[in-house]
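Student: Any chance you can model this:
(chains A and B, ligands or ions: 2)
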Amino acid sequence: MQIAIASGKGGVGKSSVTASLVYLLKDTYKLIAIDADADAPNLDLLFNVEKWEEEKELTGAKIAKINTETCIQCGICAERCPYDCINFIDGDYVVNELTCEGCGVCRLVCPVKGVITLEEVRSGIIRKTTTKYNFPLISAQLDVGRPNSGKLVTEEKEWAKKIMKEQNLEHMIVDSAAGIGCQVIASLGGADAVILIAEPTPASLSDVKRVYKVVQHFREPAYLIINKADLNPGFRRLHEFAEEEDIPIIGEIPYDRAVPKSMTMLQPVNEAFPQSKASKALKEIAKIVEEEILR
Amino acid sequence: MQIAVSGGKGGTGKSTIAINLAIALKEYFDLVLADLDVEAPNDHILLNVELQNEEPVHMFMPHFDYSKCIKCKKCAEICEENAIITMKDGTPFLIPTLCSGCRGCEIVCPVPEAILERQKTMGHTYLTNTVYGFPLITGKLLEGEERAMPIVVAAKERAQKLKKELLLVDTAAGTSNTVSKALENSKLLIAVTEPTPLGLHDLELILKLADLMGIETWIVLNRSSLGNREGVQKVAKEYGVKIVAEIPYSENIIHSYIEGKPIVLSENKEAEVFKELAKKVAEYVG
Ligand code: SF4
Ligand code: SF4
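Tutor: Ligands and ions are numbered 1, 2, ... in the order given. All right, here's what the predicted structure looks like:
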């Protein structure tokens, strides 16, 4: 079974909740965890990973290069670039490698053959390890300035599926990327269930509503966890949203300083402070996840 | 002139800092704030305003006129996204979700008007008047659309068109190319981070990007009382950037966040941090 955990944006505690859930479920179930937030991965930090067993570079992203020797400086490429990535700098037309999307339009409109080429560049790295808790973890890191790609996430999932077969694992838990773009779409695609995490603030509500629309595209069953629930007790709009959309709320986690503390200790909160308020709530949630989702 | 607020992962307080800084900077500049976190724009929520003046961001998508198409397959061959598949006889078909709207196919098609333009809406930009004396530009990607870049470009252009003295950009989290696009042409980058291992990891990435782009960077340390400050100081030193402000962990900030009342306008002592930061920024960018 594939479970994705999403929030529409980082910062609401998605990774700390994911880390704890995985930590609580790891002994009963044979699972693999995937960190799909290639822009800012952190599950490896929370599971205290020190080294990677295997790494793969992901190429395939392309960027344009202008050969300044043969360029006749007509400027058509700069004019036609849909994303405004070509600038005239010190007497030459230059592609900004940090913003180029690799669409190739500049090459097509360039009147001189061969001046502009598309070159493959590394878009990032995917890596695998076995955590000290004995379940495998796959994580990715996007290189600085590369397009955020669903491809990286898709590669991670493919790799995970292979490992699942080899090691006879049952469940894949995907810590989805932030936002709602291609990387999130790739994270949610193919999931059997989605666990949404939100905190009781208008901003988080707006983010989770947006990611839920993406979930609806896939027609995947969704569940909601409210984090830092007691921070804003008068705020009922998350409950209303869940009710309107028929999303079961599978738990509310109180605000607890044990959580940030456990994060600086690089441990899931349930490991660092098993008796804390947050840990107890997470334990209840893990139970519901077992009963309702993993069954 | 443009400056930017960015940072690692979401939740480090980037938007909170952006809106409070914008309000404080109003003392010094005629400005516009642009929320370029198009996948999860929140500045309007923190400023407690409803988005106004919606404009769609359209993207080109090819539409084949099969009565003119000669089935030469050129369009499919050049499409970098493999968004055009061809039947055995060469008839092209579009897979709309893959198309990036680059117009490459239109450019190479040898037959005039075999490829017609069809438009799809990718998202919207908004121009919202706030009660704080500056307008807010927001870019918002439609749910289900994958490409953030066109929205970032459109929102930034709309903000630039206002020709204000200062454009303050709030970027998405991370260091992907949409973040670089948002940062482009900034005279100063305010990198927001937390003194935690996770914050540090993300901070290094944004500093790397700023370095590559040649943008002067300052660090604002949020929730500074939480974790290990030495780590941040070490990274700051390594990259030759300074920590210009520290915001201790504060219940007041959390409450102002929840209530949608910017802390800089309150009587709380935290307001001073933003006022001082604004002063420093104003002195630096002139
Ligand atoms: S390039 Fe033009 S003529 Fe050739 S297959 Fe494509 S649409 Fe048809
Ligand atoms: S516009 Fe670009 S991405 Fe879309 S079909 Fe044409 S060549 Fe492919």
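Student: Spell out the residue ranges of the strands in the stretch 51-200 of chain B.
Tutor: Counting by DSSP state E, counting those that start in this stretch, the stretch 51-200 of chain B has strands at residues B:55-64, B:84-86, B:92-94, B:115-129, B:135-141, B:166-170, B:188-193.
Student: which other helices and strands contact the first one?
Tutor: With contacts defined as 3 or more C-beta pairs under 8 Å, 6 or more residues apart in numbering or on different chains; DSSP states H and E, the packing partners of strand B:55-64 are strand B:92-94, helix B:104-108, strand B:115-129, helix B:149-161. Placement of C-beta: from N, CA and C, glycine included.
Student: ok, for residue B:162, nearest residue in space, not its chain neighbours?
Tutor: residue B:32 (5.1 Å; C-beta to C-beta, 6 or more residues apart in numbering or on different chains).
Student: tell me the phi and psi of the one you found?
Tutor: According to degrees, to the nearest 10, the main-chain angles of residue B:32 amount to phi -130, psi 140.
Student: what sits opposite it in the beta ladder?
Tutor: residue B:167 (DSSP bridges).
Student: from memory it sits against residue B:132, does it?
Tutor: No. Counting by C-beta atoms under 8 Å, residue B:32 does not reach residue B:132; the two are 11.5 Å apart.
Student: circling back to that earlier point, what's the separation between the residue nearest to residue B:162 and residue B:158?
Tutor: 9 Å (C-beta to C-beta, to the nearest Å).
Student: shared neighbours of the two, which are they?
Tutor: Contact criterion C-beta atoms under 8 Å, 6 or more residues apart in numbering or on different chains; residues shared by residue B:32 and residue B:158: residue B:137.
Student: just for chain A, where's the confidence low?
Tutor: Judged by pLDDT under 70, chain A has no weakly predicted residues.
Student: what domains does the record give for chain A?
Tutor: What automatic domain parsing lists as the domains of chain A is A:2-49+A:131-294, A:60-122.
Student: Can you name the residues of the stretch 51-200 of chain B that neighbour chain A?
Tutor: B:78, B:80-81, B:100-104, B:107-108, B:141, B:143-150, B:153, B:172-178, B:180-181, B:184, B:196-198 (C-beta under 8 Å from any C-beta of the partner chain).
Student: Looking at these, which are in helices?
Tutor: Members of these lying in helices (criterion: DSSP state H): B:78, B:104, B:107-108, B:149-150, B:153, B:177-178, B:180-181, B:197-198.
Student: Using TSV, lay out those residues together with neighbour count and pLDDT.
Tutor: Shown next, in TSV, are these (neighbours: other C-beta atoms under 10 Å in any protein chain shown; pLDDT from 0 to 100):
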residue	neighbour count	pLDDT
B:78	18	90
B:104	26	90
B:107	17	90
B:108	17	91
B:149	25	90
B:150	24	91
B:153	23	94
B:177	30	88
B:178	33	91
B:180	25	93
B:181	25	94
B:197	18	80
B:198	25	80
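Student: what's the closest non-adjacent residue to the residue nearest the centre of chain B?
Tutor: The centre of chain B sits closest to residue B:36, judged by C-alpha atoms, centre = their mean, with a distance of 2.6 Å. Among residues not flanking residue B:36 along the chain, residue B:182 sits closest, at 4.2 Å (C-beta to C-beta, 6+ apart).
Student: I figured the one you found was touching residue B:159, is that so?
Tutor: No. Assessed by C-beta under 8 Å, residue B:182 is found out of contact with residue B:159, at 10.4 Å.
Student: Can you work out which residues contact both of these two?
Tutor: What both residue B:182 and residue B:159 touch, as defined by C-beta under 8 Å, 6+ apart, is the set residue B:169.
Student: ok, these two, which is more surrounded?
Tutor: residue B:182 (29 against 26; other C-beta atoms under 10 Å in any protein chain shown).
Student: And for the residue of the stretch 151-286 of chain B found nearest ligand 2, nearest residue in space, chain neighbours not counted?
Tutor: Nearest residue of the stretch 151-286 of chain B to ligand 2: residue B:153, at 15.7 Å (C-beta to the nearest ligand atom). With sequence-adjacent residues excluded and distances taken as C-beta to C-beta, 6+ apart, residue B:153 is closest to residue A:83, at 5.7 Å.
Student: With residue B:244 instead?
Tutor: The nearest residue in space to residue B:244 (C-beta to C-beta, 6+ apart) is residue B:218, at 4.4 Å.
Student: same deal with residue A:153?
Tutor: residue A:186 (3.8 Å).
Student: Thought residue A:155 was touching the one you found, still the case?
Tutor: No. With contact defined as C-beta under 8 Å, residue A:186 and residue A:155 do not form a contacting pair (9.3 Å).
Student: Can you pull out the residues in contact with stretch B:80-87?
Tutor: With C-beta under 8 Å, 6+ apart as the test, stretch B:80-87 has contacts from A:62, A:102-104, A:118, B:62, B:71, B:73, B:75-76, B:92-96, B:98-100, B:102, B:104-105.
Student: give me the subset of these touching ligand 2.
Tutor: Filtering the contacts of stretch B:80-87 for proximity to ligand 2 by C-beta under 6 Å from any ligand atom leaves B:62, B:94, B:99, B:100, B:102, B:104, B:105.
Student: So whichever residue of the stretch 51-200 of chain A sits closest to ligand 1: helix, strand or coil?
Tutor: Residue of the stretch 51-200 of chain A nearest ligand 1, by C-beta to the nearest ligand atom: residue A:108 (11.9 Å). Under DSSP: H, G, I helix; E, B strand; the rest coil, the three-state class of residue A:108 is helix.
Student: Count the neighbours of it for me.
Tutor: 19.
Student: now residue B:252
Tutor: 14.
Student: Would you enumerate the residues in contact with it?
Tutor: By C-beta under 8 Å, 6+ apart, the contact list for residue B:252 reads B:263, B:266, B:268, B:270.
Student: Likewise for residue A:133?
Tutor: A:23, A:26, A:47.
Student: That one is in what secondary structure piece?
Tutor: For residue A:133, there is no host helix or strand (DSSP states H and E).
Student: Which single residue of the stretch 151-295 of chain A ends up nearest chain B?
Tutor: Per C-beta to the nearest C-beta, residue A:179 is where the stretch 151-295 of chain A lies closest to chain B, at 3.1 Å.
Student: on that earlier part again, out of the domains of chain A, deepest packed?
Tutor: Across the domains of chain A, the average number of neighbours (mean count of other C-beta atoms under 10 Å in any protein chain shown) peaks for domain A:2-49+A:131-294, which reaches a mean of 21.
Student: wait, does it make contact with ligand 2?
Tutor: No. Against ligand 2, domain A:2-49+A:131-294 shows no contacts by C-beta under 6 Å from any ligand atom, the least distance being 13.6 Å.
Student: Chain neighbours aside, what residue packs nearest to residue B:57?
Tutor: For residue B:57, the closest residue by C-beta to C-beta, 6+ apart turns out to be residue B:154, at 4.4 Å.
Student: is it true that the one you found touches residue B:125?
Tutor: Yes. Judged on C-beta under 8 Å, residue B:154 makes contact with residue B:125 at a distance of 5.3 Å.
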